[in-house]
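Peer 1: Show me the folded form of this:
(one chain, ligands or ions: 1)
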Amino acid sequence: MDLSWIMFGYKGETYGRLVVRDAMLLNGRGTPPYGPVDILVEGGRVSEIVNVDAISLNRYKPKRPEGERVIDARGMYVLPGLVDMHIHINIDDEKCGPEGAQYAYNLCLAHGVTTIRTCGFGTDEKLLEHRRLSEENRITAPHLRVLGSWPAEVQTPEEAVEAVHKLKSLGVDGVKIIPRPHVTVEVLEAMADEVREAGLPAGIAIHIAQNSELNALDVSRACEDMVSIEHTYGIPQAALPGTQSFPPDYNYSDEVDRFRYDGYVWHEADQYEDEVEAVLDELIMNGTVWDPTMVVYEAHRDYERAKNMPWHGRYTVSHLWKAFSPSPGSHATHFFEWKTSDEVAWKEKYQIWMRYVRYFFENGGTLTTGSDTSFIYQIPGFAIIRELELLQEAGIHPIDVVKIATTNGYAALGDEERVLGIRKGAPADLCIVDGNLLDNFKVMYGTGVDRYANDGVTVTHGGGVRWTIKGGALFDCGELLREVEEYVERYRV
Ligand SMILES: [Zn+2]
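Peer 2: Next comes the predicted model:
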């Protein structure tokens, strides 16, 4: 195996006994934080959680764990590693240099993301090799759950069965599909049955393109709890009595059209509120997951904001910047013609969309967090933290947002080891944040936050995910980010 792409080297540190001392604990199950606690990590697992708050110390006089490495986590919050349910690893893209995948892995780990679900584009075989090396703690990378890319040429149920067999023998964890117009309900049902039969734990991720004949109800009925609906496409469409009211010259292949008119579909669907709620109720009943990836569309409601985020200069590599820049010849770069009216439509769309995201949550639906990086000025790690902020903007309590970003993801991936969050015996995938993320998710950005003292003058810079523990190995997030900075400098054009 050629490992020359791992230019940054392996940065994990493993200890016989690793102690995280005096941390506030948020277990990712929707329960409130408590602490401080001492957490002992041994053999890649959480082996002890000891309460060391004043009452416990006084009443029970607990024996505090010792270890070769002790992390002072006073003032820090510990939560389960985050899950990015929708990421594209540019493994074959020559422009990225050999370390394109490593760049993304570092940014993920530096933001506490310890599991990623790859959604196609890369060569499946290479990603599967990364999955193995990551499980063995030989590369600096989150756990990979690899979705095989659905072959675009499949047109019949028989071909669908054959395609699942092929992917299964490759060893993928699930399937990512963007149904083209020729993918019928029958093809989808054949695929879903076969994925279920094959026992692929991560199931199916579907991006229902607006030119597909399928909508969210078709998908949910065929695939039930095996599927996550990515983005928002297909959900408002399922509530409309017919097609969206496209103008006569609409062309799906013209991305200005595609994204401009997508800015209005929720306005239209919202006139059929009962129908939208009925669609969501049925998704919830079927156990269908919704991974809204709100972050990747944010440039539509404020292009300048997305383009001018403070981390781009240091952490967005030149070839990605070029790939994001307006161009009629590439995907998701339609901002050469983006107007005030488009942004106004999208600002309103987000309001409506978020209202239904909250409805889905409040009625028991399983939401997850996906970044869809790297597209539209969003880069790995940073984008997932922004998605947490957007879920809060949708009206969901930060404690629940953390559940959505952690154990909901593990549940959707069929990851039984991690689905119960931080507890004794669980794999040690932990995110240690310098500050209270429930008070302000911005403390989790790699660029950190400025803290102003009461004297009105003194400013200290802090925040960020300070440490990430993945598979029991400890990563210094500052170090991971410095490597990214060096890589960005090396490839600056
Ligand atoms: Zn995607």
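Peer 1: Could you use CA atoms for every contact and neighbour count after this?
Peer 2: Fine.
Peer 1: tell me which residues in the longest helix along the chain are buried?
Peer 2: Counting residues, the longest helix found in the chain (DSSP state H) is helix 340-362. Across helix 340-362, burial judged by 16 or more other Cα atoms under 10 Å covers 342-343, 345-350, 352-354, 356-361.
Peer 1: which other helices and strands contact the one helix or strand V279 maps to?
Peer 2: Per DSSP states H and E: V279 is located in helix 273-286. Secondary structure elements in contact with helix 273-286, counted by 3 or more Cα pairs under 8 Å, 6 or more residues apart in numbering; DSSP states H and E, are helix 216-223, helix 235-239, helix 340-362.
Peer 1: can those helices go into TSV with extra columns for distance to N27 and mean pLDDT?
Peer 2: Shown next, in TSV, are the helices and strands packed on helix 273-286 (distance: least, Cα to Cα, whole Å; pLDDT from 0 to 100):
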stretch	distance to N27	mean pLDDT
helix 216-223	30	96
helix 235-239	31	97
helix 340-362	19	98
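Peer 1: what's the helix or strand for L109?
Peer 2: Applying DSSP H and E as the criterion places L109 in helix 100-110.
Peer 1: Would you list the strands that the next helix or strand after that helix pairs with, along with their directions?
Peer 2: In the C-terminal direction, the helix or strand that comes right after helix 100-110 (DSSP H and E) is strand 113-118. Strand pairing for strand 113-118, determined by DSSP bridges: strand 82-87 (parallel), strand 143-149 (parallel).
Peer 1: winner for burial among these?
Peer 2: Of all the strands paired with strand 113-118, strand 82-87 has the most neighbours on average by mean count of other Cα atoms under 10 Å, namely a mean of 28.
Peer 1: tell me how far that strand is from the chain's mean position?
Peer 2: Mean-position distance between strand 82-87 and its chain equals 3 Å (Cα atoms, centre = their mean, to the nearest Å).
Peer 1: Same check on stretch 260-278?
Peer 2: Centroid separation for stretch 260-278 versus its chain: 25 Å, with Cα atoms, centre = their mean.
Peer 1: Show me which residues of it are buried.
Peer 2: Neighbour counts using 16+ other Cα under 10 Å place 260-270, 272, 275-277 of stretch 260-278 among the buried residues.
Peer 1: Keep only those of the residues you listed that are in helices.
Peer 2: Among the buried residues of stretch 260-278, the members falling in helices are 260-262, 265-269, 275-277 (criterion: DSSP H).
Peer 1: Tabulate the residues you listed in CSV, adding columns for pLDDT.
Peer 2: As requested, these are exported to CSV (pLDDT from 0 to 100):
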residue, pLDDT
R260, 97
Y261, 96
D262, 95
V265, 97
W266, 97
H267, 97
E268, 98
A269, 98
E275, 98
V276, 98
E277, 98
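Peer 1: Contacts made by the helix holding L109 with the rest, please.
Peer 2: Residues from elsewhere that reach helix 100-110 (Cα atoms under 8 Å, 6 or more residues apart in numbering): 5-8, 89-91, 93, 114, 140-142, 379-382, 446, 465-468, 475-478, 480-481, 484, 487.
Peer 1: Under the pLDDT cut-off, which ranges of the protein? List them.
Peer 2: Residue ranges of the chain with pLDDT under 70: 1-7, 92-98, 121-122.
Peer 1: How is it divided into domains?
Peer 2: By the record's domain assignment, the chain is partitioned as 18-79+421-490, 81-412 (automatic domain parsing).
Peer 1: Stretch 418-437: end-to-end distance?
Peer 2: Using Cα to Cα, to the nearest Å, the end-to-end distance of stretch 418-437 comes to 21 Å.
Peer 1: in that stretch, what's buried?
Peer 2: 418-423, 426-437.
Peer 1: what does stretch 60-67 give?
Peer 2: When burial is assessed from 16+ other Cα under 10 Å, stretch 60-67 yields the following buried residues: 64-65.
Peer 1: Mind listing residues that contact it?
Peer 2: 16-19, 38-40, 50-52, 56.
Peer 1: quick one: which of these has the most company?
Peer 2: Neighbour counts for those (other Cα atoms under 10 Å) peak at I39, which has 28 neighbours.
Peer 1: what secondary structure does that residue sit in?
Peer 2: Classification of I39 by DSSP: H, G, I helix; E, B strand; the rest coil places it in strand.
Peer 1: and stretch 435-452, how far from the chain's centre?
Peer 2: Distance, centroid of stretch 435-452 to centroid of chain: 19 Å (Cα atoms, centre = their mean).
Peer 1: quick revisit: can you tell which of the helices and strands packed on helix 273-286 is closest to E68?
Peer 2: Smallest distance to E68 across the helices and strands packed on helix 273-286 (Cα to Cα): 42.6 Å, for helix 340-362.
Peer 1: next SSE after that closest one?
Peer 2: Remark: after helix 340-362, the chain's next helix or strand is helix 382-393, criterion DSSP H and E.
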